[in-house]
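Undergrad: predicted model, plus sequence, below.
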Amino acid sequence: MAKIFVTGADGVERAIEAEDGGNLMEALRDNGFEELAALCGGCCACATCHIYVDPDWMAQVGTPTGDEDDLLDSSDARAANSRLSCQIPVGPEIEGMRVTIAPMD
Ligand code: FES
């Protein structure tokens, strides 16, 4: 389990426990962040699981590449620290990470 600090659409930060071996989108949905539509179910085909990673954690999770990068380009809300949460694996290396759910396009 990894503890992740998540700021939702209401601007409130909550700590969640994310299951190792899954991805961050699944953990966000399992913890009630319904504003994260995640319409494609994690296939990297929709960009509705867009989050902002705390800049201090970008080196750890890396920048988007390939399809993820292309999908994020379609978002008006893209920022330098944008990622698709379904493309971030959960494990001890992200223990303590802070993320913010991006606004819907
Ligand atoms: S859930 Fe569709 S791209 Fe992440």
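TA: Here it is on my side, so go on.

Undergrad: what about Gly21, neighbour count?
TA: Counted with other CB atoms under 10 Å, the neighbours of Gly21 add up to 9. All C-beta atoms are positioned from the backbone trio N, CA, C, and that covers glycine.

Undergrad: for the protein, what lies in contact range of the ligand?
TA: Where proximity means CB under 6 Å from any ligand atom, the interface of the chain facing the ligand comprises 25, 38-40, 42, 44-49, 84, 86.

Undergrad: pull the contacting residues for the residue lying closest to Glu93 once chain neighbours are set aside.
TA: Spatial nearest neighbour of Glu93, chain neighbours left out: Gln60 (6.3 Å); criterion: CB to CB, 6 or more residues apart in numbering. Gln60 makes contact with 93-94, 97, according to CB atoms under 8 Å, 6 or more residues apart in numbering.

Undergrad: report the buried residues of the host helix or strand of Gln60.
TA: Assigned by DSSP states H and E, Gln60 belongs to helix 58-61. Buried positions in helix 58-61, judged by neighbour count with 16 or more other CB atoms under 10 Å: Val61.

Undergrad: could you give me the average pLDDT of it?
TA: Mean per-residue pLDDT for helix 58-61: 96.

Undergrad: pull the distance from the helix or strand following that helix to the chain's centre.
TA: Using DSSP H and E, the helix or strand that follows helix 58-61 towards the C-terminus is helix 66-73. With CA atoms, centre = their mean, to the nearest Å as the basis, helix 66-73 stands 14 Å off its chain's centre.

Undergrad: all set, thanks.
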